[in-house]
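# my questions are about this predicted structure, shown below with the sequence.
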Amino acid sequence: MNQDELKRAAARSAIAYVGTGQVVGVGSGSTVNFFIEQLAAIRERIAGAVSSSQRSSELLAASAIPVLDLNEVIAAGTPLPLYVDGADEINDKLQMIKGGGGALTREKIVAEACERFVCIVDGSKLVDTLGRFPLPVEVIPMARSQVAARLREIGASPVQRPGFVTDNGNLILDAAGLTIVDAPALEAEINQWPGVVTVGLFARRGADIALIARPEGIETRFAH
């Protein structure tokens with residue numbers, strides 16, 4: 001199986017977690033695009049979707065899946081039982097690096113709002129220690145150099161993502177060279193720096209379930 005086939009298999013396996021009449025949280029990225037394809041086939045069963053990126057919203061709308069505003073969903077007291085998203089890296093604690101597509105802030109907001117976070121990945125994303133994938137940090141433009149200096153102080157080599165602006169109008173610094181042993185602590189530290197909108201560590205609120213696609217089948221892992 002090639003990588004797209006593995007991503008499609010992971011996305012297909014997540015459909016089993018979608019309940020009838022539910023609002024589904026939908027992430028972003030290439031694996032999630034396959035999930036949206038699968039979700040379209042059962043769109044009559046769901047109440048709609050909350051999306052974490054403009055691109056995913058466009059794909060959902062093109063599939064005739066109602067795209068709901070998270071503020072309105074929460075104000076109405078409607079539960080968000082499920083959030084399905086991918087990851088750039090995931091470890092055996094189901095802590096993740098996300099943000100390769102630049103939607104990390106909205107992804108983190110929806111992840112925080114959901115009752116169950118299901119991460120769909122192919123086996124290449126599973127790592128022993130986070131940090132091989134450069135850590136994305138969304139920053140307010142005027143804080144770019146200040147945050148980059150702080151990242152260098154902790155041993156990273158940050159580079160502004162060229163020609164990229166987030167859906168929130170901000171910049172991304174990609175911080176390479178980190179070996180992340182205590183992901184929750186590093187997440188908490190970077191998130192407190194002035195000018196940081198959010199860091200692409202999903203450790204304080206990691207995944208509850210990981211569906212890992214391998215050529216021999218889907219491996220299901222649970223947070224521990």
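Structure received.

# from here on, just use CA atoms for contacts and neighbour counts.
Will do.

# and this protein, what are its domains?
Domains of the chain are assigned by automatic domain parsing as 3-123+204-222, 135-198.

# so which of those is the most surrounded?
domain 3-123+204-222 (a mean of 20; mean count of other CA atoms under 10 Å).

# show the end-to-end separation of that one, please.
For domain 3-123+204-222, the first-to-last residue distance is 23 Å (CA to CA, to the nearest Å).

# likewise for stretch 94-109?
18 Å.

# do the same with stretch 138-149
End-to-end for stretch 138-149, by CA to CA: 14 Å.

# residues in contact with it: which ones?
When contacts are defined by CA atoms under 8 Å, 6 or more residues apart in numbering, stretch 138-149 is touched by residues 102, 104-105, 158-159, 166, 170-173, 193-200.

# how far does that stretch sit from the chain's center?
Taking the mean of its C-alpha atoms, stretch 138-149 sits 22 Å from the chain's own mean (CA atoms, centre = their mean, to the nearest Å).

# ditto for stretch 15-32
12 Å.

# that's a strand at residue 117, yeah?
Yes - under the criterion used here (DSSP: H, G, I helix; E, B strand; the rest coil), residue 117 sits inside a strand.

# hey, where'd the helices end up in the chain?
According to DSSP state H, the chain carries its helices in the segments 3-14, 30-40, 54-62, 70-75, 104-113, 144-153, 183-191.

# could I get these as a markdown table with mean pLDDT and distance to residue 131?
Listed next are the helices of the chain as a markdown table, based on pLDDT from 0 to 100; distance: least, CA to CA, whole Å:
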| stretch | mean pLDDT | distance to residue 131 |
| --- | --- | --- |
| helix 3-14 | 96 | 21 |
| helix 30-40 | 97 | 21 |
| helix 54-62 | 97 | 26 |
| helix 70-75 | 96 | 31 |
| helix 104-113 | 98 | 16 |
| helix 144-153 | 98 | 13 |
| helix 183-191 | 98 | 10 |
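
# closest to residue 221 out of those?
Residue 221 sits nearest to helix 3-14 of all those, at 12.6 Å, using CA to CA.

# same for the closest one, what does it pack against?
Packed against helix 3-14 by the contact rule (3 or more CA pairs under 8 Å, 6 or more residues apart in numbering; DSSP states H and E) you find helix 30-40, strand 116-122, strand 209-214, strand 217-222.

# could you rerun that using 7 Å?
helix 30-40, strand 116-122, strand 209-214 (3 or more CA pairs under 7 Å, 6 or more residues apart in numbering; DSSP states H and E).

# thinking again about what came up before, out of the contacts of stretch 138-149, name the ones that lie in strands.
When DSSP state E is applied, those are split such that 158, 159, 171, 172, 173, 196, 197, 198, 199 fall in strands.
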